[in-house]
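>>> Provided below for reference: sequence and predicted model.
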Number of protein chains: 8
Amino acid sequence: MATSRANVPFARLDFARKARTGFGETVFGPGKTPEQLASIFAAFAEKRLPVLATRVTPEQAEAVLAAGLKVKYHSAGRLLIAAGEKPRAGKKRFRPMLKGTVAVLTGGTADIPVAEECAGTIEFFGGRAARYFDVGVAGLHRLLGVIDKVRQADVVVAVAGMEGALPSVVGGYVSVPVIAVPTSVGYGANFGGLSALLGMLNSCASNVAVVNIDAGFKAGCVAGLIARRTKPAEEF
Amino acid sequence: MATSRANVPFARLDFARKARTGFGETVFGPGKTPEQLASIFAAFAEKRLPVLATRVTPEQAEAVLAAGLKVKYHSAGRLLIAAGEKPRAGKKRFRPMLKGTVAVLTGGTADIPVAEECAGTIEFFGGRAARYFDVGVAGLHRLLGVIDKVRQADVVVAVAGMEGALPSVVGGYVSVPVIAVPTSVGYGANFGGLSALLGMLNSCASNVAVVNIDAGFKAGCVAGLIARRTKPAEEF
Amino acid sequence: MATSRANVPFARLDFARKARTGFGETVFGPGKTPEQLASIFAAFAEKRLPVLATRVTPEQAEAVLAAGLKVKYHSAGRLLIAAGEKPRAGKKRFRPMLKGTVAVLTGGTADIPVAEECAGTIEFFGGRAARYFDVGVAGLHRLLGVIDKVRQADVVVAVAGMEGALPSVVGGYVSVPVIAVPTSVGYGANFGGLSALLGMLNSCASNVAVVNIDAGFKAGCVAGLIARRTKPAEEF
Amino acid sequence: MATSRANVPFARLDFARKARTGFGETVFGPGKTPEQLASIFAAFAEKRLPVLATRVTPEQAEAVLAAGLKVKYHSAGRLLIAAGEKPRAGKKRFRPMLKGTVAVLTGGTADIPVAEECAGTIEFFGGRAARYFDVGVAGLHRLLGVIDKVRQADVVVAVAGMEGALPSVVGGYVSVPVIAVPTSVGYGANFGGLSALLGMLNSCASNVAVVNIDAGFKAGCVAGLIARRTKPAEEF
Amino acid sequence: MATSRANVPFARLDFARKARTGFGETVFGPGKTPEQLASIFAAFAEKRLPVLATRVTPEQAEAVLAAGLKVKYHSAGRLLIAAGEKPRAGKKRFRPMLKGTVAVLTGGTADIPVAEECAGTIEFFGGRAARYFDVGVAGLHRLLGVIDKVRQADVVVAVAGMEGALPSVVGGYVSVPVIAVPTSVGYGANFGGLSALLGMLNSCASNVAVVNIDAGFKAGCVAGLIARRTKPAEEF
Amino acid sequence: MATSRANVPFARLDFARKARTGFGETVFGPGKTPEQLASIFAAFAEKRLPVLATRVTPEQAEAVLAAGLKVKYHSAGRLLIAAGEKPRAGKKRFRPMLKGTVAVLTGGTADIPVAEECAGTIEFFGGRAARYFDVGVAGLHRLLGVIDKVRQADVVVAVAGMEGALPSVVGGYVSVPVIAVPTSVGYGANFGGLSALLGMLNSCASNVAVVNIDAGFKAGCVAGLIARRTKPAEEF
Amino acid sequence: MATSRANVPFARLDFARKARTGFGETVFGPGKTPEQLASIFAAFAEKRLPVLATRVTPEQAEAVLAAGLKVKYHSAGRLLIAAGEKPRAGKKRFRPMLKGTVAVLTGGTADIPVAEECAGTIEFFGGRAARYFDVGVAGLHRLLGVIDKVRQADVVVAVAGMEGALPSVVGGYVSVPVIAVPTSVGYGANFGGLSALLGMLNSCASNVAVVNIDAGFKAGCVAGLIARRTKPAEEF
Amino acid sequence: MATSRANVPFARLDFARKARTGFGETVFGPGKTPEQLASIFAAFAEKRLPVLATRVTPEQAEAVLAAGLKVKYHSAGRLLIAAGEKPRAGKKRFRPMLKGTVAVLTGGTADIPVAEECAGTIEFFGGRAARYFDVGVAGLHRLLGVIDKVRQADVVVAVAGMEGALPSVVGGYVSVPVIAVPTSVGYGANFGGLSALLGMLNSCASNVAVVNIDAGFKAGCVAGLIARRTKPAEEF
């Protein structure tokens, strides 16, 4: 395994992650200079491996794109994505079959960046994300208008700030797990997302689990793993 | 005003409150012995004035009833009520015309004691309370089944624990003020009602105001004042 | 209802809100570019509908005004207001009769922006706001000097930071609901408005309900609804 | 649907839940007298439907058993279980195929009641629970000794108090979702489970989602839904 | 100084405190058996020195009184007081001249035990306490009715729970220091006195300082020291 | 009293405060433009009355000084002071006799701005402040080296951040009140001064009262009132 | 290692711990019946191995003693101790040479149970504990009277509640590590030990590290490990 | 000792610290201008004494280096170090024999600045620091790959943000004290390091003590003192 991990001066990169877990490596954008991020993407490109960077600023993205690398900047989700190349035929493990669909909902428009981070992550891992944004509970007709489609998904991600009530309402309408993502959207006694976090943890719907505040990436990981609908041992 | 206030040894009673504000005096039950509570009710009975006691235990109620006083124990709301006598004809101020109706909703059955404290208080002050209990958001068909009736009310009181999402959902369906009452119902990270309190304060519905945790009495007072639908100055 | 809602690329606008609820649409200013805000106001102007934007910066306001739209910038309350045109005669629902008056009080001068946001909102919805600013409890003669006028109002909004004691004191003097607005004014152990929020939630006055920290807009909505003093069903 | 819901005087029971969602009804034990609980189980027995009660005390269980009902008391998990009868042949929806296995881990022995509540819930819904208790991170050889078996599961539930580090460590070893359950086990600055809750929410493992403190039942619901590994729409 | 301190098996007693500081020794009642408390009072009685015990239960008091010691049980303030004997003539330091008067106010009747602990402490140290109870801000006429007398005091102690607004209002009427004592009186979001504590710390009145929640004894000590109105160095 | 209060457009000024309370008016600097502050000082200068501004920036101070007004900028305490003119002979009330001395201590050098705000306030009101800075408890020889001088003071102000232990240690050495001022100095788990605040509120020394975090001005007011050592009624 | 661990029905016991780490096994008393605790001690006695139980009630201790086992009940520290037998000669690893001395200090008498738990733990592991109790900072002469002896220790454990200032003051006098133990002793705003915990974490002395609230056992473990003063690798 | 302490205008410097405690003086960088810092280093250089500055910015460092002083800027740890000159032969006390080694671990790369502050401090005091960075628990093979080397250390410092689980896992592998340093690394519900802090305080490993959030310097001091492995009294 000695060759599977390289240390650029500013980060330890795990080139074997894809082979080991079926999922590409991901890096956290904040705190890295545009040049550092470009170096990381170059290192993965050299090995034709996929890599995902989260919370990427336009300046960082521009630097990587300027380096001539084959990446896509998902600006709404602040993601920088290098898809990597498809594995050789027969290598079953190189793309986990995320057969299912993840419904990604938001309460308001201000929650969209977190939701897009989640949806983009799901797509990076090979899953399908169906977006239903701005369907918050204070105007319930919006949610009711799409609920039949939401019920088709294998798992629901519900992203909301303020009182964070969306997962509870959705949870009552579906028979799949709901991954709740509290956001820091709001003001005053929302205490940076604490109100939504507590609301979601105390949801009276029994099919709701919660990730950290604004944690779109983590919600995408968890929901993606749920959506693949096949026994893990069969895949690897 | 010297005669309007009497000090039994353990409490200062305001016999003039009815005349001054149009509402009867209220006393807080906890911390008073059954005998003390009986003395208070006797003092008001002597003056034929109404009085309401909140958070009254069955033991306290029994003591007052045993004293032969004309009171009613509202056990579900833990209220002890002496209606007083009607004022002399022409004395307009002696019964505020709470013409409207207050819809009192709860998320679950465990919230009912707080809701009954609220409803009983409204009724003590002469208003009407329409009860819609156990209509929490995780099984939304329950709320939708009664929402048309709720919309007839002049003001809504929404009582809920856990994530406290009920006021937000109801708030989107009505064009009247919603008084939200967080309850301490729940466990774990509900922190004694804090989760519901924060959820309600951060409600994305713009017609929601909040009272203290488990504050059924206060919700009844505020909602009652809203429901009377007449200019206060005309009444007094 | 397909035509009642338009999606500019960056926001979902509810053009039917006025017809549905009797109140004009409102948008939250923060996070929108001046150009986006101008587009929103243009869209409503085209339909001759009223719209209110809150927490609007001078730069945003300037952009909208520069677009030649008929709006008014209420700088003290950080509101941008397009009044819309009066509905056709006989359309009772197009202007809720907010017959009553809302007394808007502040503890200090630093609370005024929140109070003006509240007062401007009330006026946008067609109500009357009577302002009594800088009447905090540590110099009680100031409040006592205006209390007789405050008592004429149909509902009181009390805006205060620091210890947030104003609603309790006012609440004892009036027989109408008091909507308490905690502000983040203060320093040290005020914890961004938490001290005022807790103070108001624990008010010993039984006619006090609370909205979120700095939530002038929400206080205006709730107080406006209380002030109209007519049965909602009669209006619509 | 009128006949699918019966109101015993003290609770609203949902007899249609099994038919609607594929899962039996559940009731919360605390706050119910032994007699009330027995009545609830009798009502379901009459309809030959499954029902689960959580947080049941030995006294409550004894009362139900004494009523001659066919129930099983799962004392370690404080669960009272009536399995109901198997649906008629061909009725696919009457037992969701929870084909997968849920690995249920605890950090210490004091976390076992919560873990058993989770495991018993999974089993009530027809799933398989594999228990690995007392494998906390401060003696890592315990976890490493079972990790290969844990990796066979479709989903992991990690139950821990104190610092709540177990999900993070397990999360790094598996490619399935980890449902983390913080417990109130600990003392001092654990603040009733807050330390474990925050630890789990902030897990650096990207496949960890969290439920409320001590919420074994909810963890069982979420994990059971994940474990069935088939497209929900196919089942119903 | 070897003889000035005796260790009974369960406590270290400071017999020299009176001589050193001008104030008698005080002991904290909770956690001591009635017998232990009696031993402590006996030890002081032997030396004819004053001693004060706080938070004394009726059972503890009875045990000390039963031992035939010359003590007084101040039940309202939960204090047990042995006055000691007057020092020999000419020993100026043996009774600090607490010439002034401390006005002790409470917001409600439930705050009285804390206020009596304060008043009793002041009296133990030789000062005068003027009591004004149940003068909370939600019925301001009560405070205004006594404010002229309160203004005669050298220092004010304001005891209040719930929102803790009393010190702010009183502080605006007097030109002496106000020692604010938050109490745990209240419920819900008062969080055991936190609401009153924060309210008092954030008082907009500039002459207010605060002691711990329910700290009647400490308020008595601080206020007593303020009230003596003579340069300390002259006394000792 | 109509003439005693003037409203410049941006502030309500109390010109009668000196006459009414014996202390000059004070204004809070933050949020005022340099020009506004200059206007305020000009208004008081016209009436030859004293005025104190707190938290004044160098830019604000420069603007006032540039206006040719007779003020002094106390940069260490961020105070701007206009002493006013001495009252006519015989007007006893125009300078409260703050005969005593206030010892102002700090734990570290970073606490000095708060301490200077306190000391400057005391001096503005005519009292004497004796400074003992950087005498924190982790190097106790520093405090012990000055403790004999501190013991000469009529009241002690102890300013400290971090763990806020200074008041407890000083409190044990003096027989006068100690006003504790927690500061926001520190980092990490000091939570903006909360650690020092809680430490001081829980001081085991019985002569310690506390003001808000960083509240040097308030500490100066309270300590100044304590230090005057004469019956208030005699002065006015 | 298969034989080194035995599972009694209610606990997993680590019989190899002594051999592996040089320290005897410890068990947490709470939640175990007296009979269970007796079984555990019997199991260790059979193997002649040492074992320590913490937070043991008198009832539990009595049961173990009644079983005829050779144990010692350290009631002040709530510890039950079985010393085990000395290892065979030459087995260096069977008693870590805790050559040093640990000074164990408390602020007050109420902190003694925690301190004794710490001291007893040190002694169980073979170290020496020097006790200096009731030397809190508000009467500093008590600490100064013993500080020279404290300075002889290899490590200091400082146990204190309330403001938790003791470690800071001691830390300035010694050149060894200070292990600070916050206790829940206090009332009001001590919030169950939070005030002492925050105080100790923010200590301005640079040689202070902290353990959990009331964690006497853990402090004993850490201090004991520090005190042995020999390179660990030499021992094992 | 009069000559051992010099007051530059902006700081009190302790030139005798090295002689008194065996450790050089340290100063806190933040809040000092580059010029002030240069003056401090010049003052120590003049006396040929060692001095350490923490949290030094590149700008500050540049200013000191530009002054021609013999210092080293440890940019990774933000430390500025003047080693001082070796003491005269025979002066045993002038360099404490920190014979041992401190293993300094981090969970992630973002924790490195805090870890380097710790390691640099240890080296300044003459100890050895062995760095093991980026060995967090979610990829446990990284820690297991170095654990044998970590076990050679005399004391371990574990630096981690987010859930702060590293100390618990390491603590189970070593028989030496583990000093845990929570960092503010993370987002959302990490609340500025609170999650890691609580996790570490509640560690189930009994050999873990904790310092303040981001307190690399303090961890270095405590660990350095532990590592010297000789009786303090022998050294001085």
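Cool, the structure landed.

>>> what's the neighbour count on the closest residue to A:Pro182 other than its chain neighbours?
Spatial nearest neighbour of A:Pro182, chain neighbours left out: A:Ala196 (3.5 Å); criterion: CB to CB, 6 or more residues apart in numbering or on different chains. Heads up, the C-betas are built off the backbone N, CA and C, glycines and all. Using other CB atoms under 10 Å in any protein chain shown, A:Ala196 is surrounded by 36 other residues.

>>> for A:Ala196, helix, strand, or coil?
helix (DSSP: H, G, I helix; E, B strand; the rest coil).

>>> Provide a list of residues in contact with it.
Contacts of A:Ala196 were listed using CB atoms under 8 Å, 6 or more residues apart in numbering or on different chains, and they are A:160-164, A:182-183, A:185-186, A:190, A:213, B:202.

>>> rerun at 7 Å
A:160-164, A:182-183, A:190 (CB atoms under 7 Å, 6 or more residues apart in numbering or on different chains).

>>> which among the residues you listed count as buried?
A:160-164, A:182-183, A:190 (16 or more other CB atoms under 10 Å in any protein chain shown).

>>> which of those fall within strands?
If you go by DSSP state E, the buried ones among the contacts of A:Ala196 have A:160, A:182 in strands.

>>> give me the nearest residue to A:Lys218, chain neighbours excluded.
Nearest residue to A:Lys218, sequence neighbours excluded (CB to CB, 6+ apart): A:Val211, at 4.6 Å.

>>> then A:Leu37?
Using CB to CB, 6+ apart and skipping residues adjacent in sequence, the residue nearest A:Leu37 is A:Gln60, 5.0 Å away.

>>> which SS state does the one you found fall under?
helix.

>>> ok, now which ones touch it?
By CB under 7 Å, 6+ apart, the residues touching A:Gln60 are A:29, A:34, A:37.

>>> repeat for A:Arg142
By CB under 7 Å, 6+ apart, the neighbours of A:Arg142 are A:134-135.

>>> check what pLDDT it gets.
A:Arg142 carries a pLDDT value of 92.

>>> which single one of the contacts of A:Gln60 is nearest to chain B?
Closest approach to chain B among these (CB to the nearest CB): A:Gly29, at 29.0 Å.

>>> and the residue of chain A nearest chain E?
When scored by CB to the nearest CB, chain A has A:Ala189 as its residue closest to chain E, at 10.8 Å.

>>> can you give me the neighbour number for the nearest residue to that residue once chain neighbours are set aside?
Excluding its sequence neighbours, the residue lying closest to A:Ala189 (CB to CB, 6+ apart) is B:Leu201, at 4.6 Å. Using other CB under 10 Å, B:Leu201 has 29 neighbouring residues.

>>> the residue nearest to A:Val27 when sequence neighbours are not counted: what secondary structure?
Distances taken as CB to CB, 6+ apart place A:Ala53 nearest to A:Val27, at 4.9 Å, with adjacent residues excluded. Assigned by three-state DSSP, the conformation of A:Ala53 is strand.

>>> quick one: residues contacting A:Ala53.
Contacts of A:Ala53 (CB under 7 Å, 6+ apart): A:27, A:29, A:37, A:79-80.

>>> biggest separation within those, which pair?
Using CB to CB, the contacts of A:Ala53 span at most 12.1 Å, a distance reached by A:Leu37 and A:Leu79.

>>> more neighbours: these two, which one.
Using other CB under 10 Å, the more surrounded residue of A:Leu37 and A:Leu79 is A:Leu79, with 28 against 25.

>>> wait, that one sits on A:Val56?
Yes. Assessed by CB atoms under 7 Å, A:Leu79 is found in contact with A:Val56 at 6.4 Å.

>>> and the residue nearest to A:Pro30 when sequence neighbours are not counted, its phi and psi?
Once flanking residues are discounted, A:Pro30 sits nearest to A:Arg55: 5.2 Å by CB to CB, 6+ apart. Backbone torsions of A:Arg55, given as degrees, to the nearest 10, read phi 50, psi 50.

>>> same question for the one 10 residues further on.
Summarising the backbone geometry of A:Leu65 under the convention degrees, to the nearest 10, its torsions are phi -60, psi -40.

>>> how many other residues sit next to A:Asp148?
9.

>>> report the secondary structure state of it.
Of the three states, A:Asp148 takes helix under three-state DSSP.

>>> list the contacts of it.
By CB under 7 Å, 6+ apart, the contact list for A:Asp148 is empty.

>>> measure A:Ala45 to G:Ala119 for me?
Note on A:Ala45: its distance to G:Ala119, by CB to CB, to the nearest Å, is 62 Å.

>>> ok, the two, which is more surrounded?
More crowded of A:Ala45 and G:Ala119, by other CB under 10 Å: G:Ala119, with 30 against 20.

>>> identify the residues contacting that one.
Taking CB under 7 Å, 6+ apart as the test, what G:Ala119 contacts is G:77, G:104, G:129, G:131, G:220.

>>> where does the residue of chain A found nearest chain C land on pLDDT?
Using CB to the nearest CB, the closest approach of chain A to chain C is made by A:Gly188 at 3.1 Å. pLDDT, A:Gly188: 94.

>>> contacting residues around it?
Contact analysis of A:Gly188 by CB under 7 Å, 6+ apart lists C:193, C:212-215.

>>> swap the cut-off to 8 Å and go again
By CB under 8 Å, 6+ apart, the neighbours of A:Gly188 are B:201-202, C:182, C:184, C:193, C:197, C:212-215.

>>> how far away is the residue nearest to A:Ala189 from G:Ala16?
Distance from B:Leu201 to G:Ala16, by CB to CB: 54 Å.

>>> give me the phi and psi for the residue of chain A found nearest chain H.
Residue nearest to chain H within chain A (CB to the nearest CB): A:Ile213, separated by 3.1 Å. A:Ile213 adopts backbone torsions of phi -60, psi 130, taken as degrees, to the nearest 10.

>>> how many neighbours does it have?
26.

>>> for it, which non-adjacent residue is spatially closest?
With CB to CB, 6+ apart as the criterion, A:Ile213 has its nearest non-adjacent residue at 3.1 Å, and that residue is H:Gly188.

>>> check contacts around A:Gly29.
A:37, A:53-57, A:60, A:78, A:80.

>>> state the pair within these that is farthest apart.
It's A:Leu37 and A:Arg78 that sit farthest apart of the contacts of A:Gly29, by CB to CB, at 12.4 Å.

>>> between the two, what contacts are shared?
Counting by CB under 8 Å, 6+ apart, the shared contacts of A:Leu37 and A:Arg78 are A:29, A:56.
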